[in-house]
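Enquirer: What shape does this take:
(2 chains)
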Number of protein chains: 2
Amino acid sequence: MAQSQSTVDNGVNVEALLGAREALTETPEAAKFVWRASCTWKNGTHSHSSVKGYFGLGEEHNHKTEFSFDADHPEVFASEDKGATPVEYVLVGLASCLTAGVAAVAQHRGIQLRSVKATLEGGMDIQGILGIDSNVRNGFDGIKVTYDIDADASHEDIEALVAQSQKRSAVYDIITNPTNVTVEVK
Amino acid sequence: MAQSQSTVDNGVNVEALLGAREALTETPEAAKFVWRASCTWKNGTHSHSSVKGYFGLGEEHNHKTEFSFDADHPEVFASEDKGATPVEYVLVGLASCLTAGVAAVAQHRGIQLRSVKATLEGGMDIQGILGIDSNVRNGFDGIKVTYDIDADASHEDIEALVAQSQKRSAVYDIITNPTNVTVEVK
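Expert: Got it, this is the predicted structure:
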């Protein structure tokens, strides 16, 4: 706590987060969030998704703006490449989740960040999605994240920072552990 | 096959995909893809990710354009809401993956689609990410996907279409099964 009141400023309001943690410990019902997206098929493998409303702290909220995303398959899959591929969206989610965590943990630990860059690679044998070999999974066979961080801290402290971000990351959990997905047709 | 040569046109080149499946059965090495994203921290929980190059069919490729994405946390987390949250990116990935699959399978089965819309909801108890209760997971406690599909097919055939899309979906696999993620600091 003392450290977070220093002159270190990564732009994360740690006091507000610690306050929220205290408040939600008293009222755990308010900690239940629902995140949403909707997706409209355009043509071929091209779709348009949007993100606007979510539920949390007991009520509905809207993002300040509606966020819109085109997704598609690339030309090597005989598609038109009108957006990032769905699996690249997953990498963006993982990268941004871990990076936000790095900033928040750094602020809490009194570490001034100068720059943070993550590079992600996910291998995938497309024999899975093409149905060539049922022993090959559809998804990534693994993901490698490499951080390049310039901060006012030792390499050891930076590694500990990244490890703590992983430990609290929603998307890291979603990818490394199974989640139940129910798909229904109206 | 006969059906895919009918007048049904969902904009998916099924012949090319079937050709690729045949070619990759002969040369399985070419089926190894690597998808990438890079992420640069901006300030606070705000980051900027980009997607451009990928590897597959034995060589490097670039998307026709570089795709860029801002991610952030919302104002209720004392952030500036400059982009969708990381977990919403995961929902966009899932929605777009299943929707591309619906179009591809429909084309293969000779089903003309008129409209396809998916609505996704992922519940999350933020006691996990805030570190209030270590028994609460960080990620979604489950995801519900609801499809509203207008197509030239029975409700039963549409349900089978969606089920087949799930079976071949990369992102559905990534979310419902564990994937190894390695995080390193340079």
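Enquirer: which element is A:Leu24 on?
Expert: Using DSSP states H and E, A:Leu24 falls within helix A:14-26.
Enquirer: Chain A: strands as residue ranges?
Expert: A:32-43, A:46-56, A:59-71, A:113-125, A:142-151, A:181-185 (DSSP state E).
Enquirer: Output those strands as a markdown table; include the columns distance to B:Asn180.
Expert: C-beta coordinates here come from the backbone N, C-alpha and C atoms, glycine included. Listed next are those as a markdown table, based on distance: least, C-beta to C-beta, whole Å:
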| stretch | distance to B:Asn180 |
| --- | --- |
| strand A:32-43 | 25 |
| strand A:46-56 | 27 |
| strand A:59-71 | 25 |
| strand A:113-125 | 10 |
| strand A:142-151 | 5 |
| strand A:181-185 | 20 |
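Enquirer: which one of these lies closest to B:Leu120?
Expert: strand A:32-43 (4.8 Å; C-beta to C-beta).
Enquirer: Give me the sheet partners of the closest one and which way each runs.
Expert: strand A:46-56 (antiparallel), strand B:113-125 (antiparallel) (DSSP bridges).
Enquirer: how far out from the middle of the chain is whichever helix in chain A runs longest?
Expert: For chain A, the helix that runs over the most residues, judged by DSSP state H, is helix A:86-108. Distance of helix A:86-108 from the chain centroid (C-alpha atoms, centre = their mean, to the nearest Å) equals 5 Å.
Enquirer: average pLDDT across that helix?
Expert: For helix A:86-108, mean pLDDT is 98.
Enquirer: got a pLDDT number for A:Gln3?
Expert: 48.
Enquirer: and the lowest-mean-pLDDT helix or strand in chain A, is it in reach of chain B?
Expert: The least trusted helix or strand in chain A, going by mean pLDDT, DSSP states H and E, turns out to be helix A:14-26, with a mean of 91. Yes. Helix A:14-26 reaches chain B (C-beta under 8 Å from any C-beta of the partner chain) through A:Ala16, A:Leu17, A:Ala20, A:Arg21, A:Leu24, A:Thr25.
Enquirer: Mind listing residues that contact that helix?
Expert: The contact list for helix A:14-26 (C-beta atoms under 8 Å, 6 or more residues apart in numbering or on different chains) reads A:1, A:4, A:30-31, A:104, A:107-108, B:77-78, B:126-127, B:130-132.
Enquirer: ok, 7 Å please
Expert: The contact list for helix A:14-26 (C-beta atoms under 7 Å, 6 or more residues apart in numbering or on different chains) reads A:Ser4, A:Ala30, A:Ala31, A:Ala104, A:Gln107, A:His108, B:Ala78, B:Gln127, B:Leu130, B:Gly131, B:Ile132.
Enquirer: mind listing what's buried in it?
Expert: Residues A:Val14, A:Leu17, A:Ala20, A:Arg21, A:Leu24 are the ones in helix A:14-26 that count as buried (16 or more other C-beta atoms under 10 Å in any protein chain shown).
Enquirer: can you check stretch A:155-171 too?
Expert: Of the residues in stretch A:155-171, those buried (16+ other C-beta under 10 Å) are A:Ile158, A:Glu159, A:Ala160, A:Leu161, A:Val162, A:Gln164, A:Ser165, A:Gln166, A:Arg168, A:Ser169, A:Ala170, A:Val171.
Enquirer: Those residues in helices, which ones?
Expert: Per DSSP H, the subset of these in helices is A:Ile158, A:Glu159, A:Ala160, A:Leu161, A:Val162, A:Gln164, A:Ser165, A:Gln166, A:Arg168, A:Ala170, A:Val171.
Enquirer: how about CSV for those, with pLDDT and distance to chain B added?
Expert: Listed next are these as CSV, based on pLDDT from 0 to 100; distance: C-beta to the nearest C-beta, whole Å:
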residue, pLDDT, distance to chain B
A:Ile158, 98, 6
A:Glu159, 98, 5
A:Ala160, 98, 10
A:Leu161, 98, 9
A:Val162, 98, 6
A:Gln164, 98, 10
A:Ser165, 98, 8
A:Gln166, 98, 6
A:Arg168, 96, 5
A:Ala170, 98, 5
A:Val171, 98, 5
